[in-house]
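Asks: What follows is a predicted protein model with its sequence.
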Amino acid sequence: MVRTAGRRADAARNIATVLEAGARLLTDDPGASMSAIAAAAGVDRGTVYRHFENRDALVCAVHRAALDALDDVLDRARLEHAPVAVALHRLAEDLIRVIRRYPISPERMCGNPETGNRANAQQDRVARFLRRAADEGLIRSDLPDGLAMALLRRTVEVLAGQSELDPAAAADVAVHTLLHGISAS
């Protein structure tokens, strides 16, 4: 991520706004221009170029910002130590917040080794957590490889798109669905 320490508050806000606008636009159009991102952020093109020398630098900064936010989510969820249901709720709630800020998919972040390695390490952390959840009996241990991860990811992505639900309420739905399915009983 572009360093904001020591910058004026307005410059730090501009960078954050540009990164979030970049994430939104790049999700819809991977070829979005610097001008389009600047316009979506409500800043002029010169402001964007003062912080990012070119489009590739901006795209990399967007990916780093999203990965930094995901690292924070994984740390706050205390996946290794918190009770599984508590950690799952924290994880879902904070993931929903991050996905709403940075809706770019992890697959699009694997364009360079740094971001690809970080995204893989994050997925490994979640996979270890899900194994712990299975070991503790909160989720089935006989699921095919990758199914629990795919269900978690897709459930959270769908709920992140439900803007009428605040993140806590959306996380309630995610946790209930993941732990109990969609049965009415």
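Replies: Received the coordinates, thanks.
Asks: Going by C-alpha atoms from here, please, whenever you check contacts or count neighbours.
Replies: OK.
Asks: Spell out the secondary structure type for residue 140.
Replies: Here residue 140 is coil, with the state taken from DSSP: H, G, I helix; E, B strand; the rest coil.
Asks: roughly how far apart are it and residue 147?
Replies: Separation of residue 140 from residue 147 (C-alpha to C-alpha, to the nearest Å) stands at 11 Å.
Asks: More neighbours: which of those two?
Replies: Set residue 140 next to residue 147 and count neighbours by other C-alpha atoms under 10 Å: residue 140 wins out with 15 against 10.
Asks: Quick one: low-confidence residue ranges for this protein.
Replies: Along the chain, segments meeting pLDDT under 70 span 1-7, 106-111, 185.
Asks: repeat that for 50
Replies: Per-residue confidence for the chain (pLDDT under 50) gives these ranges: 1.
Asks: So which residues of it form helices?
Replies: Ranges of helices in the chain, per DSSP state H, are 9-28, 34-41, 45-51, 55-77, 84-101, 113-135, 147-160, 167-180.
Asks: can you state the direction angle for the first one and helix 34-41?
Replies: Computed by axes from the mean of the first three to the mean of the last three C-alpha atoms, to 10 degrees, the angle separating helix 9-28 from helix 34-41 equals 110 degrees.
Asks: Run the chain-centre distance for stretch 88-96.
Replies: 10 Å (C-alpha atoms, centre = their mean, to the nearest Å).
Asks: buried ones in that stretch?
Replies: Within stretch 88-96, the residues that qualify as buried are 88, 89, 90, 91, 92, 93, 94, 95, 96, counting by 16 or more other C-alpha atoms under 10 Å.
Asks: Thanks a lot, see you next time.
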